[in-house]
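Asks: A predicted structure for the sequence below; I have some questions about it.
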Amino acid sequence: MTTLPEHGPEPPTNHPATAAGAAEQSVPATGHGANPRQTPRTLTLTMRRLIIGTVVIAMLGVGTNIAIAARPWVPRQPAAPLGQPLVPGSQTYYPKEGGNWLSAVAIGPDSSIVAVGNTTSTGGGARVVKANPDGSEAWSAAFGGPDGTSRFYGVAVAPDNSIIAVGFSETMYGDFPVKYPEQGHEGAVVARVSTDGKLLWSKVFGGRNLDYFTAVALTPDGGAIVVGSTNSPSGDFPDTHDLSVNNTRASDAVMMKLNPDGTTAWATAFGGNGNDSLSSVAVNADGSIVAAGQTSSSNGDFGCTNKDGCGVVAKVAPDGKLLWQHTFDGKSTSKFNGVAVAQDGSIVAIGQQKFSAWSTRLTPSGGVVWTSRFWVSQSDSSELTAVAATTGGFVAIGYRPDGSGISSGNDFRVVSIKANGGILWNVSVGIQTAKNGSVAVSADGSIAATAGDGSISRLTSTGKSG
């Protein structure tokens, strides 16, 4: 284990929250979202459907009577073999041949480890992997359709050990059919999966453009909060903001409350005249919600003075009303990828600022306690991608350049952040080509982490590797 020099917190920025809130006890978030999607495949998807549609129209034009039926798609199990039993300090690799990616991880009440992502080795489905507490194989399942990609970005495990996963789908058939396939629509997906890997129910939300969910957290009443982004001017999310920037359609951040059966309790959107998205969410014991992401809007719900983007943390009431928000402008691109709430109600958000790994702590009412950057480099970027609360601090995962001087990958590291913002320890969990990872903490303090390409690592509460 390599220990970084302790980095003291930087002074708080002068950016008061817009409203005050009382401190509250919190329940740990059981799922962490990965990074939002960066490159939609709308053109490819639209061209594929255009070609299919042209062939059908041509055939109809010569008098052919065609009935187009939905093609059922059965989830394939297993999507990939699991590794050997996982003990604290060891790592299991879930093969990525053909493209198996794990984006988020959670630990269930029964101490099982659940990770989600996607796989292309079995046709392009959203993937769920469940491992027993020792890391041995439980099951692996893929969901989606035969005609496009589906992917999960966030996961939470309910008290009954069933799984709630969120992400997106671009398929017309199968488990997550989109509503407007002729428009190249990508829909935001929520799915509930049983303890043995069967799909219990699924919902697809959105409008006629691009919509996706990035993270999910459970609520005290047995429901869930999901967050993400919408690019649709109409549909399941409120159309209340300026959706035009630089003569192109901008995106709004979205938040939705789901009842235990998957029905919608409420949905809301936040944003303004720029692009806005939420990447992570946590829920307090009183039902209030803390979410984090990025905004480039100079008006509306968030106020960003940097056109390249500001990190934003927002607190929302149980009924969806915005209580306060705090934006961070680092004079360079800033974004938050993860958020966690401590037992005293204080908040830690992590991400990237000035191309360096970044963390900041706020009071329950939104005041800045400290902000800290580390893994600073003049030539390469580093970033934190997820965070979870621990007893007396927080644990995060992120990447920094591997130091080889060539683009061979990113050194993924699990980092223990002290209550004052300093680094207690950090441990490498491997070199990966991907740039997303997730982390979860069990009741005994041990840690499970995913590192982009398909590995799951288990560490002790002190970061020991053996």
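Replies: Sure, I can see it.

Asks: quick one: low-confidence ranges for the protein?
Replies: 1-100, 121-124, 181-184, 239-249, 330, 378-379, 402-409, 465-466 (pLDDT under 70).

Asks: Against V290, how distant is A349?
Replies: In this structure, A349 and V290 are 9 Å apart, going by Cβ to Cβ, to the nearest Å. In this view, the C-beta of every residue, glycine as well, is placed from N, C-alpha and C.

Asks: Overlap of the contact sets of the two?
Replies: Common contact partners of A349 and V290 (Cβ atoms under 8 Å, 6 or more residues apart in numbering): 313, 339.

Asks: which parts of stretch 438-456 are buried?
Replies: With burial defined by 16 or more other Cβ atoms under 10 Å, the residues of stretch 438-456 counted as buried are 438-442, 446-456.

Asks: Oops, could you answer that again for stretch 283-303 instead?
Replies: Neighbour-count burial for stretch 283-303, counted by 16+ other Cβ under 10 Å, picks out 283-284, 287-297, 300-303.

Asks: ditto for stretch 324-335
Replies: Neighbour counts over stretch 324-335 (16+ other Cβ under 10 Å) mark 324-330, 333-335 as buried.

Asks: out of the residues you listed, which are inside strands?
Replies: Filtering the buried residues of stretch 324-335 for membership in strands, criterion DSSP state E, returns 324-328, 334-335.

Asks: Tell me where the stretch 51-200 of the chain has helices.
Replies: Assigned by DSSP state H, counting those that start in this stretch, the helices in the stretch 51-200 of the chain number zero.

Asks: all strands for it, in order.
Replies: The residue ranges that make up the strands of the stretch 51-200 of the chain, judged by DSSP state E, counting those that start in this stretch, are 90-93, 100-107, 113-119, 125-131, 137-143, 150-157, 163-169, 187-193, 199-205.

Asks: and what of the stretch 351-466 of the chain?
Replies: Listed in chain order, the strands of the stretch 351-466 of the chain (DSSP E, counting those that start in this stretch) span 356-362, 368-374, 383-390, 393-401, 410-418, 423-432, 438-441, 447-450, 455-459.

Asks: want to throw those into TSV with distance to F213?
Replies: Output for those, formatted as TSV (distance: least, Cβ to Cβ, whole Å):
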stretch	distance to F213
strand 356-362	24
strand 368-374	28
strand 383-390	16
strand 393-401	20
strand 410-418	24
strand 423-432	24
strand 438-441	15
strand 447-450	18
strand 455-459	22
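
Asks: Among those, which comes closest to A340?
Replies: Across the strands of the stretch 351-466 of the chain, A340 has its closest neighbour in strand 383-390 (4.5 Å, Cβ to Cβ).

Asks: mind checking how far S112 is from T119?
Replies: With distances defined as Cβ to Cβ, the gap from S112 to T119 amounts to 20 Å.

Asks: same thing with V226?
Replies: The gap separating V226 from T119 is 22 Å, by Cβ to Cβ.

Asks: what do you get for K130?
Replies: As judged by Cβ to Cβ, K130 and T119 stand 15 Å apart.

Asks: Next: V281.
Replies: For V281, the distance to T119 (Cβ to Cβ) stands at 25 Å.

Asks: Equivalent analysis for T371, please.
Replies: Here the distance between T371 and T119 works out to 38 Å (Cβ to Cβ).

Asks: How about A449?
Replies: Look at A449 and T119: by Cβ to Cβ, they are 20 Å apart.

Asks: Looking at the ones in strands among the buried residues of stretch 324-335, which is nearest G125?
Replies: Comparing every one of these with G125 (Cβ to Cβ), the shortest separation belongs to K335, at 28.3 Å.

Asks: by contact count, what packs against the host helix or strand of G311?
Replies: Assigning secondary structure by DSSP states H and E places G311 in strand 310-316. Secondary structure elements in contact with strand 310-316, counted by 3 or more Cβ pairs under 8 Å, 6 or more residues apart in numbering; DSSP states H and E, are strand 289-295, strand 322-328, strand 334-341, strand 347-353, strand 356-362.

Asks: got the angle for the longest one vs strand 410-418?
Replies: Per axes from the mean of the first three to the mean of the last three Cα atoms, to 10 degrees, the angle that strand 334-341 makes with strand 410-418 is 50 degrees.

Asks: Parallel or antiparallel, which strands does strand 334-341 pair with?
Replies: The pairing partners recorded for strand 334-341 under DSSP bridges are strand 347-353 (antiparallel).

Asks: Compute the inter-axis angle for the strand it pairs with and strand 322-328.
Replies: Interaxial angle, strand 347-353 versus strand 322-328 (the same axes, to 10 degrees): 40 degrees.

Asks: What angle do strand 310-316 and strand 347-353 make with each other?
Replies: Using the same axes, to 10 degrees, strand 347-353 lies at 160 degrees relative to strand 310-316.

Asks: Now do A267: how many residues are near it, please.
Replies: 18 (other Cβ atoms under 10 Å).

Asks: who's in contact with the spatially closest residue to it that is not a sequence neighbour?
Replies: Counting by Cβ to Cβ, 6 or more residues apart in numbering, M256 is the residue found nearest to A267 once chain neighbours are left out, at 4.3 Å. M256 makes contact with 205, 213, 225-227, 236-237, 264, 266-268, according to Cβ under 8 Å, 6+ apart.

Asks: What separation is there between M256 and S442?
Replies: Taken as Cβ to Cβ, the spacing of M256 relative to S442 amounts to 28 Å.

Asks: Kindly report the same for S162.
Replies: Computed as Cβ to Cβ, the S162 to S442 distance reads 18 Å.

Asks: Equivalent analysis for G197, please.
Replies: Note on G197: its distance to S442, by Cβ to Cβ, is 21 Å.

Asks: Report the beta-bridge partners for the residue nearest to S428 when sequence neighbours are not counted.
Replies: Nearest in space to S428, with sequence neighbours left out and distances taken as Cβ to Cβ, 6+ apart, is R413 at 5.3 Å. Following DSSP bridges, R413 is listed with bridge partners G398, S428.

Asks: isn't R413 right next to A396, touching?
Replies: No: counting by Cβ atoms under 8 Å, R413 sits too far from A396 to count as a contact (9.0 Å).

Asks: Quickly list what's touching both of the two.
Replies: In contact with both R413 and A396: no residue, using Cβ under 8 Å, 6+ apart.

Asks: and the end-to-end length of stretch 125-142?
Replies: For stretch 125-142, the first-to-last residue distance is 5 Å (Cα to Cα, to the nearest Å).

Asks: Same question for it: list its buried residues.
Replies: 125-131, 133, 135, 137-142.

Asks: Of those residues, just say which sits nearest to F176.
Replies: Minimum distance to F176 across these is 7.5 Å, recorded for A126 (Cβ to Cβ).

Asks: Please name the nearest non-neighbouring residue to V415.
Replies: The shortest distance from V415 to any residue other than its chain neighbours is 4.4 Å, reached at N426 (Cβ to Cβ, 6+ apart).
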